[in-house]
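A.B. asks: Using only what follows, build the 3D model:
(2 chains)
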Amino acid sequence: SQQGEEDPQALSIQEGENATMNCSYKTSINNLQWYRQNSGRGLVHLILIRSNEREKHSGRLRVTLDTSKKSSSLLITASRAADTASYFCATAQGAQKLVFGQGTRLTINP
Amino acid sequence: DAGITQSPRHKVTETGTPVTLRCHQTENHRYMYWYRQDPGHGLRLIHYSYGVKDTDKGEVSDGYSVSRSKTEDFLLTLESATSSQTSVYFCAISESNTRTGSYEQYFGPGTRLTVT
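C.D. replies: A predicted model of the protein is given here:
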């Protein structure tokens, strides 16, 4: 069964706008990771947030984690056409295994 | 995709035939994983390896076997392919991040398998 569930399943915005994707999970985690997948390619690791962290930044990415609500959000600011991709959250319960959600398909319109 | 290759990249096979997919890494990472990706299901773990000859089952291991005889290669075998195994298969590798102590995964380019 999937641990993470992303919301929304699909998101379409105009270039320059901010995009927010949410992830909910069910059990305790060690960390939560976000990955991007361009069409026809493998996943690429974006950012990791540990269970004792509340917010993390990396360039135009901002991730928040609320362990009390078992949820995380990924914010992409000032979106670009190149950000068009599917985004997945993945939760780590043990050290080496990840459980992926079904992903959010993000489309950036010029 | 750097450091991880998968072969073949595309394969069409008939029901009942055996199929072996290969994952090769040049990063000397300890952990290797096989996932399948299907619409509506995201990525699901099939098997993973935590060292040479050390493997364990994932969420959807039925109908699949794996082998790892050396650090750089992780093979996924479908003993008798079925149409339900039509999917895109991804290999991933990981190693402990010395800064975070966590295991980020790095993915290969994928193999598209069609079972007719």
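A.B. asks: Let me know the pLDDT of the residue in chain A that chain B sits nearest to.
C.D. replies: At 3.3 Å from chain B, A:G42 is the closest residue in chain A, using CB to the nearest CB. The way it works is simple: take the backbone N, C-alpha and C, and place the C-beta from them, glycine included. Turning to A:G42, the model gives it a pLDDT of 93.
A.B. asks: Who are the packing partners of the helix or strand of chain A with the lowest mean pLDDT?
C.D. replies: Ranking every helix and strand in chain A by mean pLDDT, DSSP states H and E puts strand A:5-7 at the bottom, with a mean of 86. In terms of contacts (3 or more CB pairs under 8 Å, 6 or more residues apart in numbering or on different chains; DSSP states H and E), strand A:5-7 is packed against strand A:19-24, strand A:85-92.
A.B. asks: closest one to B:G110 among the ones you listed?
C.D. replies: Closest to B:G110 of the helices and strands packed on strand A:5-7 is strand A:85-92 (CB to CB; 13.2 Å).
A.B. asks: May I have the strands that pair with the next helix or strand after the closest one, each with its orientation?
C.D. replies: Following strand A:85-92 in sequence order, the next helix or strand is strand A:98-100 (DSSP states H and E). Using DSSP bridges, strand A:98-100 pairs in its sheet with strand A:85-92 (antiparallel).
A.B. asks: For chain A, what lies in contact range of chain B?
C.D. replies: Within chain A, the residues that sit near chain B (CB under 8 Å from any CB of the partner chain) are A:1-2, A:30-31, A:33, A:35, A:40-45, A:48, A:50, A:88, A:90, A:92, A:95-103.
A.B. asks: Make a PyMOL selection of the buried ones in the residues you listed.
C.D. replies: To isolate the buried ones among the residues of chain A next to chain B in PyMOL, judged by 16 or more other CB atoms under 10 Å in any protein chain shown, type:
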select buried, chain A and resi 2+31+33+35+42+43+45+48+88+90+92+96+97+98+99+100+101+102+103
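A.B. asks: who's A:L61 bridged to?
C.D. replies: A:S58, A:I76.
A.B. asks: Same question for B:Y31.
C.D. replies: Going by DSSP bridges, B:Y31 forms beta bridges with B:S94.
A.B. asks: who touches B:P109 in this structure?
C.D. replies: Residues in contact with B:P109, defined by CB atoms under 8 Å, 6 or more residues apart in numbering or on different chains, are A:41-42, B:1, B:4-6, B:9.
A.B. asks: Would you point out the most distant pair within those?
C.D. replies: The farthest-apart pair in those, when distances are taken by CB to CB, is A:R41 and B:T5, at 13.7 Å.
A.B. asks: What helices and strands are in contact with the one helix or strand A:L74 maps to?
C.D. replies: Under the criterion of DSSP H and E, A:L74 resides in strand A:71-76. Judged by 3+ CB pairs under 8 Å, 6+ apart, the packing partners of strand A:71-76 are strand A:19-24, strand A:31-37, strand A:43-50, strand A:61-66, strand A:85-92.
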